[in-house]
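# Sequence first, predicted model second:
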Protein chains: 2
Amino acid sequence: MSPFSVSDRLRPVSSPAPASPRGRPEATSHTAIEQAAFRLFARRGFSATTLEEIAAEVGVGKRTLFRYYPSKNDIPWGQFQRTLDDLRATLAAMPADLPVHEAVHRAVLEFNRFPPDAEPGHRDRMRLILTTPELQAHSVHQYAAWRGVIAEFVARRRGCAPTDVAARLAGHVSLALAITAYEVWLDDEAADLAEVLGRTLGELERYLAE
Amino acid sequence: MSPFSVSDRLRPVSSPAPASPRGRPEATSHTAIEQAAFRLFARRGFSATTLEEIAAEVGVGKRTLFRYYPSKNDIPWGQFQRTLDDLRATLAAMPADLPVHEAVHRAVLEFNRFPPDAEPGHRDRMRLILTTPELQAHSVHQYAAWRGVIAEFVARRRGCAPTDVAARLAGHVSLALAITAYEVWLDDEAADLAEVLGRTLGELERYLAE
DNA sequence: ACATTATTGGCACTCGTTGCACAAATGCAA
DNA sequence: TTGCATTTGTGCAACGAGTGCCAATAATGT
């Protein structure tokens, strides 16, 4: 969870190569495309906005958009995949004496922390992703990668394979918690995401303890 | 979880209207389409199989396929939505003194029980769904409906809204458990789904208890 | 036969996506 | 300057999913 254009995040993610030294200069950027796209999505809606329109708004050819994003559905997720390195690092930095589930929870909290001024944009982005059918579906792929990071961490800690029940489950359940929290957070304009995440975890414990 | 063609299930789901007394008779059926489709999917793979090919194999026009299934991605899920009534009924029939999470767990077990001879087909179907990217994504919509049923049940029991954290969480977590179990089950040809489901739940308790 | 009714299925069209070939723009070296 | 390697942009053609429209089809009932 926690998509984002790299620029939204606190710590920049791995430096994206110092621009090309040679060759034709890039005509646009991920950020520019996202901004143009979100502008149109807000106006006409996601599915009603065609790639041609986005291309026109950005000022490039439709074909070029595909050099920046593998698909229309990937635009709202921006540079998400890159931020997974952050998540991996955060997990790796967790104290070894911390219970696994606790370490994961803290990492998820950290992963979903944004500077206050970036929150409105983040809300809009998440609302778009979590309420647009096509995007809900497509997000599965981002989620899978996210779960993979969690599963790998748990596997290393537990000394088992990432495909082991324990590791897989940790990934799936953490995601379940995160998405639940996001849904609740989106429902309440005044809610604080970190607080909701914590509350959701507590709710899980209560659910199982009955 | 537990997609299927109605015919696979133990108890048939609501009678689908006694066929039309008037008008042109139907040229095919859901079952026929699914069989033809799975035959082609097995041969050329899901994405490499076009709707035209399926239509040809079935012996109807491409246009007609869309009268039976809203999209190509819906074919593998068969009549899933209808079986949700079963799930709803199973949940409603759970003894009131059973803890909510226990009731849900039992209902999920029941929902995923198939006659032994239907298992091989079920395995293939699930493998296709859980390993084909397009289908993984599209399944989100079936999952959402499934979660909705769980959420509604929990909400009724808890006396809260289905959009409440508790209800939503129950839906998401139950799904997380089910999918994890399915993944593990698919990895092990000899595994018993019910057993894996139980083991997965135990794993969750262990994970949180650490 | 004829009206009614429900389903079929062809046709045209939109849109996302991809492969391919080539143009454009830049740095670098001769 | 000129030419070349390099990198990115972009038009074109084509494919496949999905949709609206509407005429054709095949059964029932009168």
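Arrived safely. What you see is a predicted model, and the numbers here were worked out from it, not measured in a lab. Numbers count the residues shown, from 1 in each chain, chains lettered A, B, ... in the order given.
# how about the residues of chain A near DNA strand C?
By the rule CB under 7 Å from any atom of the strand, the part of chain A lying against DNA strand C is A:21-25, A:49-52, A:62-63, A:66, A:70-73. Heads up, the C-betas are built off the backbone N, CA and C, glycines and all.
# Narrow these to those that are buried.
Among the residues of chain A next to DNA strand C, those buried by neighbour count (16 or more other CB atoms under 10 Å in any protein chain shown) are A:49, A:51, A:72-73.
# So residue A:154 is in contact with residue A:167, correct?
Yes - with contact defined as CB atoms under 8 Å, residue A:154 counts as touching residue A:167 (4.5 Å).
# distance of the closest residue to residue A:206 other than its chain neighbours from residue A:205?
Excluding the flanking residues, the one nearest residue A:206 by CB to CB, 6 or more residues apart in numbering or on different chains is residue B:166, at 7.8 Å. Relative to residue A:205, residue B:166 is positioned 12 Å away (CB to CB, to the nearest Å).
# And for residue A:60?
According to CB to CB, residue A:60 and residue A:205 sit 50 Å apart.
# Looking only at neighbour counts, state which of those two leads.
residue A:60 (19 against 10; other CB atoms under 10 Å in any protein chain shown).
# before we move on, could you check phi and psi at the more buried one?
Dihedral pair for residue A:60: phi -130, psi 180, per degrees, to the nearest 10.
# One more: residue A:78?
Given degrees, to the nearest 10, the pair of backbone angles that residue A:78 has is phi 50, psi -130.
# Now do it: how many residues are near it, please.
Close neighbours of residue A:78, defined as other CB under 10 Å, add up to 23.
# how close does it get to residue B:136?
21 Å.
# In this structure residue A:151 contacts residue A:167, no?
Yes - contact criterion CB under 8 Å: residue A:151 and residue A:167 qualify, at 4.2 Å.
# still on that earlier bit, going by distance to chain B, which of the buried ones among the residues of chain A next to DNA strand C wins?
Nearest to chain B among these, counting by CB to the nearest CB, is residue A:73 at 8.8 Å.
# Would you agree that closest one is in contact with residue A:135?
Yes - between residue A:73 and residue A:135 there is a contact at 6.0 Å, judged by CB under 8 Å.
# Please identify the helix or strand for the nearest residue to residue A:95 once chain neighbours are set aside.
The shortest distance from residue A:95 to any residue other than its chain neighbours is 7.6 Å, reached at residue A:103 (CB to CB, 6+ apart). Secondary structure assignment for residue A:103, by DSSP states H and E: helix A:100-111.
# can you check residue A:136 too?
helix A:133-158.
# tell me the angle that helix makes with helix B:133-158.
If you take axes from the mean of the first three to the mean of the last three CA atoms, to 10 degrees, helix A:133-158 sits at 80 degrees to helix B:133-158.
# what about helix A:133-158, near DNA strand D?
No - using CB under 7 Å from any atom of the strand, helix A:133-158 never reaches DNA strand D; the gap is at least 10.4 Å.
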